[in-house]
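# With the sequence up front, the predicted model follows.
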Amino acid sequence: MRPFDDTPLSRDGKSLILAYDHGLEHGPVDFEPVPETRDPEVVWDIATHDAVTSLAVQKGVAEAYAPSYEDVPLLLKLNGTSNLWMGEPDSAVNCTVDYAAELGADAVGFTLYGGSNNEIEMAEEFRDAQEAARHYDLPMVMWSYPRGQGLKNDTAPDTIAYAARQALELGADVAKVKYPGSREAMEQAVAMAGPTKVVMSGGSKTSDRDFLSTVKGAIDAGATGLAVGRNVWQRENPHQFLDALEAVIYEEAPVDDALELL
Amino acid sequence: MRPFDDTPLSRDGKSLILAYDHGLEHGPVDFEPVPETRDPEVVWDIATHDAVTSLAVQKGVAEAYAPSYEDVPLLLKLNGTSNLWMGEPDSAVNCTVDYAAELGADAVGFTLYGGSNNEIEMAEEFRDAQEAARHYDLPMVMWSYPRGQGLKNDTAPDTIAYAARQALELGADVAKVKYPGSREAMEQAVAMAGPTKVVMSGGSKTSDRDFLSTVKGAIDAGATGLAVGRNVWQRENPHQFLDALEAVIYEEAPVDDALELL
Amino acid sequence: MRPFDDTPLSRDGKSLILAYDHGLEHGPVDFEPVPETRDPEVVWDIATHDAVTSLAVQKGVAEAYAPSYEDVPLLLKLNGTSNLWMGEPDSAVNCTVDYAAELGADAVGFTLYGGSNNEIEMAEEFRDAQEAARHYDLPMVMWSYPRGQGLKNDTAPDTIAYAARQALELGADVAKVKYPGSREAMEQAVAMAGPTKVVMSGGSKTSDRDFLSTVKGAIDAGATGLAVGRNVWQRENPHQFLDALEAVIYEEAPVDDALELL
Amino acid sequence: MRPFDDTPLSRDGKSLILAYDHGLEHGPVDFEPVPETRDPEVVWDIATHDAVTSLAVQKGVAEAYAPSYEDVPLLLKLNGTSNLWMGEPDSAVNCTVDYAAELGADAVGFTLYGGSNNEIEMAEEFRDAQEAARHYDLPMVMWSYPRGQGLKNDTAPDTIAYAARQALELGADVAKVKYPGSREAMEQAVAMAGPTKVVMSGGSKTSDRDFLSTVKGAIDAGATGLAVGRNVWQRENPHQFLDALEAVIYEEAPVDDALELL
Amino acid sequence: MRPFDDTPLSRDGKSLILAYDHGLEHGPVDFEPVPETRDPEVVWDIATHDAVTSLAVQKGVAEAYAPSYEDVPLLLKLNGTSNLWMGEPDSAVNCTVDYAAELGADAVGFTLYGGSNNEIEMAEEFRDAQEAARHYDLPMVMWSYPRGQGLKNDTAPDTIAYAARQALELGADVAKVKYPGSREAMEQAVAMAGPTKVVMSGGSKTSDRDFLSTVKGAIDAGATGLAVGRNVWQRENPHQFLDALEAVIYEEAPVDDALELL
């Protein structure tokens, strides 16, 4: 396991990953609130904010824009899929680690749907990606999202704690997990992950105060940071909102102080 | 991503792909309107028209005729299948990129049936082809055709916009999509594709005016061009019709002016 | 595509493939009419007839007898299976092209069951075999036999024409297809195959006149020749019958003249 | 195909394979009649008898004992499985040919369940093993056992004849088949196998006279020998019984003479 | 097969494997009795006890802690999965042997669910791991756990004996099996395993006396030792309990004497 603080994902031991793979995972509907966000350039510009320690995108978006944004650390998301098909959760490996390295990725990401009837296959694909990432000394971020026939509640505290543990056991450097509903539950997930860093997944857009409060709670619970997409670029003032997140994540500011930055 | 204008697929930044893989995909029935078109030589001759920036064929047809038509840029379609079997949409990878390069291909093509229960497998086959194409510096054209159990309408505006976005996210240089029914919908698809070029798929034969009007609308909506088969070689006057398409695509001519060329 | 006339399969541009893989495909029952034909040596002796431009066998039979029959061009059938199991048509790849080349094969053969729900997998296995065959400069003969859940009539003219076209599109040098019932239908299949040569599949044993007439019709329709097993070695006079076939195929003799040779 | 007489499996052109993979295929129950046979050493000692031309075992047993029994020719059985699971017959490939060669195997063995819905996959695994065995010049013995959903009687004469033929067609040097019930049926199987040698599978334990008579019948029918496990090591006098088998197989002794050795 | 006494797993021919992969296999629930055990460091510290001849963990835990605990022999568990999904037993291969060797593993472990409808696939994955382990001279421990649709009782004496035998036949150096309920049954399992060493699996936590008595019985039955997790680290006094196990396993102490150490 690579010391997190040495990686490009870290700023003073904390992290804010800006995620922008929604065009593949959810489709055009996620760009409707702020139509110009369908243009990747708009989001790469947002990612130049100092609070952002990496931008997570799929291969095609990386190919087209990474050369023009060398200052934005690139987190290449290796797998992903559309929501058009039916069946147990699964994800296609769209990019090899070899090619990610060739594209200049600073880190790689991989979704595991623990609990899916495809978990075995996904874990084995993760193995190949993880060992290749070690070869290139690229940090590995696991989107650890239990989901499938056997799971009734994918944000239950026990489920999120298990998800965080899977990331540790399988060799991820960072676990991206959903918010389990309370600070105590987040502490449990962070404890289960041990040396693997935990970042909270942003999810669908909520109010400024609610979102910043949740992030604050996660940080106070020991989370290393945040992986956020819609809650930044579906806002009209993404740069200002990143100022607020910066205050909460890196400066331990109270939510009220952070809200004043908006 | 390779700059499109530098590729053999581009003529002044626009493109007209002549498609001729119907013998595999649809069978002999597509040659009935103009029986001599079952002879590949007839279509390769059509492809010598200046308007055509590449001819898309399967491996066997390329092997047999490409050596005699060195001036026709070759777009080797890597996958494809017959319509004889039953089940969720899928396509066989009939040619490796290594062999396509050996055959002198100028570009490669690949169908993705987003929404098929086989999407995951097809996306992973696409990954291998795309990364190999990068190795040979061959532009990759994705036939991005959502289709399958989960899709009710495969030309709905949202579906086509999603299809265009999949092409970008997965790393295609060009997205071949069906016409989504209106100029506004085509603009949305073009916007979703970002730097990936969009070409409209010709589909089954329609009247001269209808087809040219649709192409004109697509171009005006920002499409880079057209991928057309039956609407050219199922006509009695394919060369003249290519004159008309040339006017619409490359010279921004009004449809009425183009119709006069027929 | 390799010029057919330069291959060992050609005699003056025509071809007669003697097939002897029935022990695997059908089992011992095919040897009952002439029990000594269960001994491969008997059929290899028949294959020394000048009319035969190659003998098609599975790997094991090739290993055992090819070294003793260097004058018989060897068409190694790469896939095949028993008729003991149940399910959608499929065929096992029993021999690699590398090993076929090592055994001294002069050509290779491959069955594609177009229309089977296993068509995708078979086509991809064919791809590997075809590209390897190109590497060794070995002609590829496709047993193009539509068959499966989606097909009601596997000798309908449209089906056979589609089968012949699949052979061309996928890169076979020779298409072995069933007789589609009429000279017109055979002409259509030959036309669909374009530069791919078409040989008629012999099928189960019929009368001397009927069989020779069918062959004559196929040749007149443009077929390059015949692939025949039972209709030769299930007869008491296989050598004489090959004389008759030689007359029909290579010498354009009328059926009545050929019958006099028996 | 390798001349059988040159292989370690042959003694004067005949063969007696002692099989001891029952611990995997059937489990501890097969050792109950003579409990000390659960100790592999006991059976390796039996295998030192001059009548035995090879001992067939799985990888683990070979690893542990072969170094101590260099005089016992080792037939490494490459696939095999337990009888604990449910479903169409199949077998796991437990040992690569590369590793078998490294262990000093003198020959390799492979089960094919012709007629199983897994026949295609098993045949392709056999292909890889067979071609690798050729590389190392190791004789290949096929346990050719039709079995599965489509088969009602797995010892019917036609079935055994087909099984023997599959071994020839697919490239086995030796076919191990069940006794088809009569000398005539065995002759048919031997004839179908052509140059592939046929050994009779011993099966479950029967009386001394019955077993020796069956073996005698098989030899008289042209079989090359016997592959036997339980009918040797489930007896109290395995060495004496091997004396009797030696007489029947190698010395063409009448059954009554052989019985006197017990 | 590698002489067990030469391996790091052996102390005077006996063995005590401390297992700590429960975070993956069972999830956070196993850490509830002693919450600090969710911290891997706590268990690595326990593993420094002289009684422990190796610590069995998954890749991620090994990556993070093995460099700090060079004196604890590392048994890298190659496969494993969560209990979140549904279906026939299976396990993901989470670590290659190459990478285990790179991490400095002293031995490797692999679960086989004999009797699962996935047994064939798991056995073939085991083959690859076992042969790679031989290459690196790493001892292979099989978690031999019959389980699945076809099994009613996974600790029946016959089942455990079969499990032990599978480990031998497939080439494991050590078989980890469940306690089959009696000393006689354990003797049978040990006998079936032959030269493969048998260690008893600890299972869920029981009373001090019950557990030590069972371990004593297993050792007396010929078992080489114990693989234990919860019965050590779910106790408040794991170091003292290891003292007791040390007495029973290595010093042949009576249970009463061992209990006095607590």
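Nice, I can see it. Numbering: from 1, shown residues only, chains lettered A, B, ... in the order given.

# Low-confidence bits of the stretch 51-200 of chain A, can you list those?
The stretch 51-200 of chain A contains no residues with pLDDT under 70.

# how about the helices in it?
A:59-65, A:97-102, A:119-136, A:157-170, A:183-193 (DSSP state H, counting those that start in this stretch).

# so of those, which one's packed in deepest?
helix A:157-170 (a mean of 28; mean count of other Cβ atoms under 10 Å in any protein chain shown). No exception for glycine: its C-beta is placed from N, CA and C like everyone else's.

# returning to what we had before: go through the helices of the stretch 51-200 of chain A and name the closest to E:Ala247.
Comparing these against E:Ala247 with Cβ to Cβ, the closest turns out to be helix A:157-170 (32.3 Å).

# the strands in the stretch 151-262 of chain A, which residues?
A:174-177, A:197-201, A:225-228 (DSSP state E, counting those that start in this stretch).

# which one of the helices of the stretch 51-200 of chain A lies closest to E:Lys14?
helix A:157-170 (28.5 Å).

# Is any residue of the closest one near chain E?
Yes. If you take Cβ under 8 Å from any Cβ of the partner chain as the test, helix A:157-170 does meet chain E, through A:158-159, A:161-162, A:165-170.

# from these, which is closest to C:Ser207?
Nearest to C:Ser207 among those, with distances taken as Cβ to Cβ, is A:Leu170, at 69.2 Å.

# Tell me who's in contact with that closest one.
A:112, A:123, A:126-127, A:130, A:142, E:24, E:58-60, E:94 (Cβ atoms under 8 Å, 6 or more residues apart in numbering or on different chains).

# do A:Arg147 as well
Contacts of A:Arg147 by Cβ under 8 Å, 6+ apart are A:89, A:113-116, A:154.

# so which two of those residues are the farthest from each other?
Taking Cβ to Cβ, no two of the contacts of A:Arg147 sit farther apart than A:Ser116 and A:Asp154, at 10.8 Å.

# Next one: A:Met142 from A:Ala193, what distance?
Distance of A:Met142 to A:Ala193, given as Cβ to Cβ, to the nearest Å: 10 Å.

# Show me whatever sits in contact with both of these two.
Joint contacts of A:Met142 and A:Ala193 (Cβ under 8 Å, 6+ apart) are A:167, A:175.

# In the stretch 51-200 of chain A, what residue comes closest to chain D?
Distance from chain D to each residue of the stretch 51-200 of chain A (Cβ to the nearest Cβ) is smallest for A:Ile120, at 16.9 Å.

# Number of residues surrounding the nearest residue to that residue once chain neighbours are set aside?
Counting by Cβ to Cβ, 6 or more residues apart in numbering or on different chains, A:Ile120 lies nearest to E:Ala92, which is 4.6 Å off, once chain neighbours are set aside. For E:Ala92, the number of neighbouring residues by other Cβ atoms under 10 Å in any protein chain shown comes to 23.

# for the one 3 residues further on, same thing?
Counted with other Cβ under 10 Å, the neighbours of E:Cys95 add up to 27.

# now do the one 10 residues further on
Burial of E:Ala105, expressed as a neighbour count using other Cβ under 10 Å, amounts to 28.

# closest one to chain B among the strands of the stretch 151-262 of chain A?
strand A:225-228 (17.7 Å).

# Show the average pLDDT along that closest one.
Per-region confidence: strand A:225-228 scores 98 on mean pLDDT.

# Other residues contacting that strand?
A:14-19, A:53, A:56, A:141, A:176, A:197, A:199-202, A:215, A:218-219, A:245, A:249.

# rerun at 6 Å
Contact with strand A:225-228 is made by A:14-17, A:19, A:176, A:199-202, A:215, A:249, as judged by Cβ atoms under 6 Å, 6 or more residues apart in numbering or on different chains.

# what's the closest of the residues you listed to C:Ala258?
A:Ala19 (75.8 Å).

# what's the distance between the closest residue to that closest one other than its chain neighbours and A:Asp30?
Counting by Cβ to Cβ, 6+ apart, A:Ala19 lies nearest to A:Gly229, which is 3.9 Å off, once chain neighbours are set aside. Going from A:Gly229 to A:Asp30 by Cβ to Cβ gives 8 Å.

# Check A:Leu245 too.
Relative to A:Asp30, and taking Cβ to Cβ, A:Leu245 is found at 19 Å.

# ok, the two, which is more surrounded?
Neighbour comparison, A:Leu245 and A:Asp30: the larger count goes to A:Leu245, with 28 against 20 (by other Cβ under 10 Å).

# List the residues that contact that one.
Contacts of A:Leu245 by Cβ under 6 Å, 6+ apart are A:Ala51.

# Now do the strands in the stretch 1-150 of chain A.
Counting by DSSP E, counting those that start in this stretch, the strands of the stretch 1-150 of chain A are A:15-19, A:54-57, A:74-77, A:79-80, A:92-93, A:107-112, A:140-144.

# okay, the angle between the last one and helix A:119-136?
Strand A:140-144 and helix A:119-136 are oriented at 160 degrees to each other (axes from the mean of the first three to the mean of the last three Cα atoms, to 10 degrees).

# follow-up on the earlier one: for the residues of helix A:157-170 next to chain E, name the two members farthest from one another.
A:Asp158 and A:Leu170 (18.3 Å).
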